[in-house]
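Novice: everything below, folded, please.
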Amino acid sequence: MSKLATAAKRLLVGRPFRSDRLAHTLLPKRIALPVFASDAMSSVAYAPEEIFLVLSVAGLSAYTIAPWVGVVVVVVMLTVVASYRQNVHAYPSGGGDYEVATVNLGRRAGLTVASALLVDYILTVAVSIASAAANIGSAIPFVATHKVEFAVAAIVILTAINLRGIRESGSAFAIPTYAFMVGILIMIGYGLVRGLLLGDEMRAESAGLELRAEDDHLMGLAFMFLVLRAFSSGCAALTGVEAISNGVPAFRKPKSRNAASTLLAMGLIAVTMLMGLIVLAQLTGVRMAEDPKHQLVDAPADYEQKTMVAQIAGAVFEGFPVGFFFITGVTALILVLAANTAFNGFPVLGSILAQDRYLPRQLHTRGDRLAFSNGILFLAGAAIILVVAFDAEVTKLIQLYIVGVFVSFTMSQTGMIRHWNRMLASESDPAVRRRMRRSQAINAFGLLMTGSVLIVVLLTKFTKGAWIAIAVMAAIYALMTAIRRHYDRVAEELRQQERQRLLPARNHAMVLVSKLHMPTLRALAYAKATRPDVLEAVTVNVDDADTRRLVQDWEKENFKVPLKVIESPYREITKPVLDYVKRVRSDNPRDVVTVFIPEYVVGHWWEQVLHNQSALRLKGRLLFQPGVMVTSVPWQLASSRKVTHRDVVAPGAIRRGLDKRAPGARGTEAPGPRVPGGQARGTEARGTEARGPEARGQRERGQQERGQEEWNGK
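Specialist: Modelled structure (predicted):
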């Protein structure tokens with residue numbers, strides 16, 4: 001079973017990497033761009049659509065505001081990109097916003113940022129996959145009716161790819177990401193040439209539909225609130241910008257410079273695509289409605305609203321279906337792969353938090369492919385839960401989405417301002433001070449923009465679902481605080497116990513006995529080999545006849561070890577043993593009690609159900625007793641040897657004819673019963689006995705009858 005599991009793991013993940021191969025997994029800029037920027041790139045596939053969906057509530061006239069909303073989103077994005085370029089130069093260790101906030105604002109601020117980022121990474125996966133399902137559903141109706149199943153399958157595939165390692169997953173994602181960028185830019189360029197220079201009429205499939213406002217009296221403050229909602233939804237295009245600052249250690253040297261260059265390229269490409277799609281949506285007359293059945297007045301009864309990108313592609317590439325299918329295909333693919341940004345950012349952040357003892361230590365270490373496997377699996381599980389809970393609907397999920405990212409943006413910019421203040425206090429070089437002042441001004445403007453957006457997001461999205469994200473952030477904050485308290489308490493407890501250097505006065509050893517068989521004899525021999533001060537065998541009387549028979553056999557063997565019989569009127573085993581151990585400890589508090597428990601080692605899971613249950617219960621209770629050591633003495637049954645020791649050859653086994661695979665091996669076909677150790681008794685077995693040191697070695701291993709007396713502990 002274990003070999004089958006190992007083979008399946010190797011097939012899925014690949015062969016393990018040595019630790020010294022870590023340097024070979026670092027990313028050049030051409031691979032780092034699709035790995036870390038795919039989320040921000042793909043956001044342009046749904047951020048413009050969300051702007052139009054929100055504005056549709058006010059009717060078709062509100063669409064004229066969409067380009068101006070897009071311009072403000074572009075300003076915010078470029079500001080955030082410029083600000084994060086300062087971050088990656090100042091903090092290249094990979095902590096990103098968490099490190100900036102912790103160092104400059106304190107532990108509480110750092111945990112707030114960390115909880116926001118963890119929530120945002122999980123939502124990145126859920127939103128990206130849900131949007132991919134919607135885009136594919138525009139071309140394939142089957143996916144549209146099975147979005148949840150598609151999303152879960154996509155997350156599982158992404159998880160498998162990322163478990164193979166960062167470099168390998170980056171190479172797999174590079175071509176689709178670049179195909180998306182090139183395809184969208186070509187569509188924007190071709191569409192602008194047709195619409196603005198050639199004057200061609202490009203009509204989206206929804207251009208002729210009448211869009212009815214939900215409320216004819218939507219004006220004044222209500223209309224302003226709607227515009228702010230559209231702006232906050234469009235700011236989803238900024239998600240993923242912080243991923244590069246968290247992933248600086250994955251870049252090749254010079255890490256900070258390469259990360260900053262990748263960040264700039266990502267920002268410029270993203271804003272170009274964002275504004276290009278908004279302009280094309282205006283030129284093609286796209287109509288997007290939050291509630292198509294009620295807002296699109298003259299739509300057919302079976303009308304299925306396609307995504308904005310799909311409608312634009314159909315209009316721009318009218319008469320050229322290859323272009324339409326290429327754009328929808330690469331858009332859906334990049335949305336699936338956009339989740340890869342979170343698969344690279346979440347595990348790294350989780351590792352840093354685990355190192356700081358805010359998350360379980362299992363998240364800190366890398367797997368055998370040098371990826372943070374436990375973090376990847378945790379992220380996938382949480383994203384699947386969200387996708388199923390919200391039916392893979394982008395409009396539902398996106399309300400939860402950007403709260404966390406703008407919390408981290410705002411806290412990070414605040415921390416960077418304090419960072420530059422601290423650096424300016426100790427710097428006297430005028431040229432360096434001017435550069436610091438310029439960087440501080442960039443971060444201050446970034447704080448103004450991101451803080452304003454955070455307020456807008458909270459005002460416009462809190463009742464729409466953002467409160468769920470805030471509640472989850474608070475829960476994660478409390479959980480991380482509790483984990484840190486636990487680790488601190490354990491560390492302090494261990495430090496206090498380390499100061500207690502008094503050695504135990506004596507070692508009182510007990511061998512638990514149920515029957516007089518080979519596992520018992522092995523446990524007894526091993527207990528004697530430890531040379532305890534006191535050694536006794538202990539059995540519990542749950543059946544008078546069996547106990548009398550055991551006592552008679554024990555006396556017949558003439559063991560030098562006394563057998564203690566504990567009465568159990570209620571036929572329990574665990575409690576009488578615990579009570580007896582406590583009595584021994586209370587009589588001699590400075591003694592240590594060592595309990596030896598014989599156990600079967602089985603080769604099949606169902607055998608475990610039939611054996612070792614009493615031993616497991618005893619161990620579970622004895623481990624909580626102070627001053628008590630529990631030692632398991634294994635006895636391998638034949639099934640375990642077949643499974644785990646099939647290819648194991650003991651030293652000297654071939655020479656003595658004990659290896660069945662060796663040609664001409666002696667004693668391997670002898671009939672008759674077998675003794676522990678696998679050798680047959682009889683003529684052939686005697687023929688394998690050696691003289692001198694080999695005979696002594698066989699007696700020590702208990703493989704021959706002549707050595708059985710010593711093995712039995714007499």
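Novice: so in this structure, where's the weakest helix or strand by average pLDDT?
Specialist: Counting by mean pLDDT, DSSP states H and E, the weakest-scoring helix or strand in the chain turns out to be helix 683-687, with a mean of 37.
Novice: wait, doesn't residue 40 sit right on residue 237?
Specialist: Yes - counting by Cβ atoms under 8 Å, residue 40 touches residue 237, with 7.2 Å between them. For glycine as for every other residue, the C-beta is placed from the backbone atoms N, C-alpha and C.
Novice: overlap in contacts, these two.
Specialist: residue 270 (Cβ atoms under 8 Å, 6 or more residues apart in numbering).
Novice: and the longest helix along the chain, what does it pack onto?
Specialist: Of all the segments of type helix in the chain, defined by DSSP state H, the longest one is helix 321-355. Judged by 3 or more Cβ pairs under 8 Å, 6 or more residues apart in numbering; DSSP states H and E, the packing partners of helix 321-355 are helix 29-42, helix 96-105, helix 107-139, helix 147-163, helix 166-192, helix 243-246, helix 308-316, helix 373-389.
Novice: so which bits of it are buried?
Specialist: Neighbour counts using 16 or more other Cβ atoms under 10 Å place 323-324, 326-354 of helix 321-355 among the buried residues.
Novice: tell me the secondary structure at residue 564.
Specialist: strand (DSSP: H, G, I helix; E, B strand; the rest coil).
Novice: so it bridges to which residues?
Specialist: residue 538 (DSSP bridges).
Novice: look at it and report its pLDDT.
Specialist: On pLDDT, residue 564 comes in at 91.
Novice: what domains does the record give for this structure?
Specialist: Using automatic domain parsing, the domains assigned to the chain come out as 41-489, 507-711.
Novice: what does the helix or strand in which residue 608 is found contact?
Specialist: Counting by DSSP states H and E, the element that carries residue 608 is helix 605-610. The contact list for helix 605-610 (Cβ under 8 Å, 6+ apart) reads 1, 600, 602, 637, 639.
Novice: rerun at 7 Å
Specialist: 602, 639 (Cβ atoms under 7 Å, 6 or more residues apart in numbering).
Novice: distance from the chain centre to it, please.
Specialist: 31 Å (Cα atoms, centre = their mean, to the nearest Å).
Novice: so the longest helix of the chain versus helix 107-139, what angle?
Specialist: Following axes from the mean of the first three to the mean of the last three Cα atoms, to 10 degrees, one obtains 160 degrees for the angle between helix 321-355 and helix 107-139.
Novice: show me the shaky parts of the stretch 151-300 of the chain.
Specialist: Residues of the stretch 151-300 of the chain that meet the criterion pLDDT under 70 lie in 164-173, 214-221, 240, 246-247.
Novice: which elements pack onto the helix or strand hosting residue 482?
Specialist: Assigned by DSSP H and E, residue 482 falls within helix 467-498. Secondary-structure packing of helix 467-498 (3 or more Cβ pairs under 7 Å, 6 or more residues apart in numbering; DSSP states H and E): helix 107-139, helix 394-425.
Novice: helices and strands around the helix or strand following that helix, which ones?
Specialist: Scanning forward in sequence from helix 467-498 by DSSP H and E, the next helix or strand is strand 507-512. Applying 3+ Cβ pairs under 7 Å, 6+ apart, we find strand 507-512 packed against helix 518-529, strand 534-541, strand 592-601.
Novice: and the strands in the stretch 551-700 of the chain?
Specialist: With strands called from DSSP state E, counting those that start in this stretch, the stretch 551-700 of the chain shows them at 563-567, 592-601, 628-636.
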